[in-house]
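K.L.:
When you get a sec, could you give me coordinates for this:
(2 chains)
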Number of protein chains: 2
Amino acid sequence: MAKSFNVAVVGATGAVGVEMLKTLEKRNFPVKNLKLLASERSVGKTLKFKGEDVKVEKLTEDSFGGVDIALFSAGASRSRDFASHAVKAGAVVIDNSSAFRMQADVPLIVPEVNPEDVKWHKGIIANPNCTTIIMLVALKPLYDISPIKRIIVSTYQCASGAGAKAMEELRNETADYLAGRPVVPQVLPHPYAFNLFSHNTTIGPNGYCEEEMKMVNETRKIMHDDKILVCPTCVRVPCLRSHAEAITVEQERKVSVEEALAAFAKAPGLKIVNDAERNYFPMPVDSNEQYDVLVGRVRDDLSSPNGLAIFVCGDQLLKGAALNAVQVAELL
Amino acid sequence: MAKSFNVAVVGATGAVGVEMLKTLEKRNFPVKNLKLLASERSVGKTLKFKGEDVKVEKLTEDSFGGVDIALFSAGASRSRDFASHAVKAGAVVIDNSSAFRMQADVPLIVPEVNPEDVKWHKGIIANPNCTTIIMLVALKPLYDISPIKRIIVSTYQCASGAGAKAMEELRNETADYLAGRPVVPQVLPHPYAFNLFSHNTTIGPNGYCEEEMKMVNETRKIMHDDKILVCPTCVRVPCLRSHAEAITVEQERKVSVEEALAAFAKAPGLKIVNDAERNYFPMPVDSNEQYDVLVGRVRDDLSSPNGLAIFVCGDQLLKGAALNAVQVAELL
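P.N.:
Now for the predicted structure:
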């Protein structure tokens, strides 16, 4: 008989938490008991799981008795405060926040890229940043042909990365704009309706924002290659739940477009969308609510003999967060 | 007494044509007589210029008698059919289409970059592609410090580049989406509401679309440097009238962030928007209806010793088209 697990979802009512429930159900993850945890103000709400109502309970230090797997998606400070209690209670924590990602004793895992790292966890496994996950699902098959030396990436990031409230704000602001009403941002720092802006995380002394430095540092950790150079520009665009990324890579040897496409075709978690004749390439409308990362616009980099350019699109809430976490749970 | 000119605007009722009229008026261009030309279906319409109604006339081969300057913005095939008639009638044509841009005997001019090329025109001067203009206004001051060897650019292009109907389609589709109605694209090939897609021009045999190859070829012609390598990715995002671009450049020698900012501060047509503390950088809402190209996010390229990364934003209808054309007319 297949083993089944007591699963807790921390931050169950958030944009990612809701998708975690759906993904556990859809992928038929062997859940014995499900515990939904959230902050005080969500207590009393119920969420559906396999047709049944599950009550949201308050997250406390004592919430984790009997829990085998705790999926955390309630922000870095909650993870820092509560993950150790879950581990002490015997659970394995799969944490979607940035709290532990760069800790040396915490594996950072994209199941299509470095599933083997799950073996050395000490109670906590970190889920990478959404833009990093989506990029690396596409770059791993290229790296396997020839090591990647340099990545230049520009992101087109959607609202969901900033949470359910940001998605709502984008919808509301856009309706206001179209009706000629003033647009008043409350969740995000800048107007979002028919606008775009540099990613709203703190800019560090080197001029890169936190989101960009995640792409730099997490890429190296996940790929086990500290020599990979990454130059990211992270931008929020007015889309709802898929990130897109324009990626230029330089590899040790030239990888041809044909080789790249052959590798993408065999790679897990990727779907090639590369119809030049119809000008049909990865788009958010096609990756929304999909598990696979879409990859296309595969072409030689006109500016480098060993370069390739690609364009990817992936659901931020699923592959960028909830799906990746559930896939990590499946590895366990 | 200052000289004044008989000016014709071809394609006067289009998105760019309307902005050309506004720009001529706002910059107080010395217009003696103004002739508005368009296709049959716009004949009879009137447009305001300096408080007066000007009737739109039908564009014919005989439209250009007495015209000194003809501003064309009615698409490449109209330009091919009618520009020679304007030149024969004694006018100087400033053409906003792609028809003549790469012809060896036609100068391609961004007034902030290569104004000297206006001298050798033989009747036709071409206005570059909008993405190229906006990029080069920012790159020229860097090039003047040290030659640029390589450019990697990802664009975030707005609806206006595809014309007034595309802007309308974006508004309508978005309203449909928000109201739960089906989204049916008619002008552009893909859904545009809360979506983005690879630029909708024909993909060539090398995998790059026409828009991208314009950035490659026009950059070299305008900068008079055939060795500049350019790797562009052109993407349409759901914004209305400003293009943004994430640009990574490699130069012959390292140019520091401070040097770059000092050069930007002195350069014509540029405005620095680079407030890391407030996370305030170039955004379409701030460049819409502005003459200046906004530049910011100036930082060292983490992946190259001689690299810099910047982010720019410019009004596609103005600096990307109408303003640049009127500035060329001013040079004359």
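K.L.:
Test my guess that A:L331 contacts A:P115.
P.N.:
Yes: A:L331 is within contact range of A:P115, at 5.5 Å (criterion: C-beta atoms under 8 Å). Where C-beta positions appear, they are placed from N, C-alpha and C, glycine not excepted.
K.L.:
Touching both of these two, which residues are there?
P.N.:
Each of A:I109 lies in contact with both A:L331 and A:P115 under the rule C-beta atoms under 8 Å, 6 or more residues apart in numbering or on different chains.
K.L.:
so the residue in the stretch 101-250 of chain A that chain B sits nearest to, which of the three states?
P.N.:
Closest to chain B within the stretch 101-250 of chain A is A:G207: 2.9 Å, counting by C-beta to the nearest C-beta. What DSSP: H, G, I helix; E, B strand; the rest coil gives for A:G207 is coil.
K.L.:
Once you drop chain neighbours, what's closest to A:R299?
P.N.:
Among residues not flanking A:R299 along the chain, B:G207 sits closest, at 2.9 Å (C-beta to C-beta, 6 or more residues apart in numbering or on different chains).
K.L.:
Model confidence at the one you found, what's the number?
P.N.:
The model reports B:G207 with a pLDDT of 98.
K.L.:
Just list the residues touching it, thanks.
P.N.:
Taking C-beta under 8 Å, 6+ apart, we find B:G207 in contact with A:257, A:276, A:297-300, A:309.
K.L.:
Of these, which belong to strands?
P.N.:
Within the contacts of B:G207, residues falling in strands by DSSP state E are A:297-300, A:309.
K.L.:
any low-confidence regions in chain A?
P.N.:
Residue ranges of chain A with pLDDT under 70: A:1-2.
K.L.:
Tell me how it divides into domains.
P.N.:
The record's domain split for chain A, according to automatic domain parsing, is A:5-127+A:322-331, A:132-316.
K.L.:
and the ones you listed as a markdown table, adding distance to B:I228?
P.N.:
A markdown table is the format used below for the domains of chain A (distance: least, C-beta to C-beta, whole Å):
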| stretch | distance to B:I228 |
| --- | --- |
| domain A:5-127+A:322-331 | 35 |
| domain A:132-316 | 9 |
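K.L.:
in which helix or strand would I find A:K149?
P.N.:
Using DSSP states H and E, A:K149 falls within strand A:148-156.
K.L.:
who does that strand touch, helix- and strand-wise?
P.N.:
Packing partners of strand A:148-156 (3 or more C-beta pairs under 8 Å, 6 or more residues apart in numbering or on different chains; DSSP states H and E): helix A:130-145, helix A:210-223, strand A:229-233, strand A:235-236, strand A:242-251, strand B:148-156.
K.L.:
pretty sure A:L136 is touching A:V113, no?
P.N.:
Yes: under the criterion of C-beta under 8 Å, A:L136 makes contact with A:V113 at 5.1 Å.
K.L.:
which neighbours do those two share?
P.N.:
A:222-223.
K.L.:
Neighbour count for the two, which is higher?
P.N.:
Per other C-beta atoms under 10 Å in any protein chain shown, whichever of A:L136 and A:V113 has more neighbours is A:V113, with 26 against 23.
K.L.:
Tell me which helix or strand that one sits in.
P.N.:
For A:V113, there is no host helix or strand (DSSP H and E).
K.L.:
Now do the strands in the stretch 51-200 of chain A.
P.N.:
Counting by DSSP state E, counting those that start in this stretch, the segments of the stretch 51-200 of chain A that form strands are A:52-58, A:69-72, A:92-95, A:124-126, A:148-156, A:197-198.
K.L.:
Surely A:D176 touches A:P185?
P.N.:
No: counting by C-beta under 8 Å, A:D176 stays clear of A:P185, with 10.6 Å between them.
K.L.:
Distance of the residue lying closest to A:N274 once chain neighbours are set aside relative to B:G207?
P.N.:
Leaving aside its sequence neighbours, A:N274 sits nearest to A:G296 (C-beta to C-beta, 6+ apart; 3.8 Å). The spacing between A:G296 and B:G207, counted by C-beta to C-beta, to the nearest Å, is 10 Å.
K.L.:
Dihedrals phi and psi, the residue of the stretch 101-250 of chain A closest to chain B?
P.N.:
phi 90, psi 0 (degrees, to the nearest 10).
K.L.:
quick one: contacts for A:V10?
P.N.:
Taking C-beta under 8 Å, 6+ apart as the criterion, A:V10 is in contact with A:17, A:37-38, A:59, A:63, A:70-74, A:78, A:82, A:86.
K.L.:
Burial check on A:A86, number of neighbours?
P.N.:
A:A86: 26 neighbours (other C-beta under 10 Å).
K.L.:
Was I right to think it contacts A:D68?
P.N.:
No: contact criterion C-beta under 8 Å: A:A86 and A:D68 do not qualify, at 10.3 Å.
K.L.:
And stretch A:278-296, what's buried?
P.N.:
Across stretch A:278-296, burial judged by 16 or more other C-beta atoms under 10 Å in any protein chain shown covers A:279-288, A:290-296.
K.L.:
hang on, isn't A:Y291 packed against A:K271?
P.N.:
No: using C-beta under 8 Å, A:Y291 is not in contact with A:K271, being 9.2 Å away.
K.L.:
so can I have JSON lines of the strands of the stretch 51-200 of chain A showing mean neighbour count?
P.N.:
Formatted as JSON lines, the strands of the stretch 51-200 of chain A follow (neighbours: other C-beta atoms under 10 Å in any protein chain shown):
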{"stretch": "strand A:52-58", "mean neighbour count": "14"}
{"stretch": "strand A:69-72", "mean neighbour count": "28"}
{"stretch": "strand A:92-95", "mean neighbour count": "26"}
{"stretch": "strand A:124-126", "mean neighbour count": "25"}
{"stretch": "strand A:148-156", "mean neighbour count": "25"}
{"stretch": "strand A:197-198", "mean neighbour count": "26"}
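K.L.:
Thought A:D95 was touching A:S79, still the case?
P.N.:
Yes: A:S79 lies in contact with A:D95 (C-beta under 8 Å); the separation is 5.0 Å.
K.L.:
now the contacts of A:V10 in TSV, with distance to chain B?
P.N.:
Listed next are the contacts of A:V10 as TSV, based on distance: C-beta to the nearest C-beta, whole Å:
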residue	distance to chain B
A:G17	22
A:L37	31
A:A38	28
A:L59	30
A:S63	35
A:A70	33
A:L71	28
A:F72	27
A:S73	23
A:A74	24
A:R78	24
A:F82	29
A:A86	33
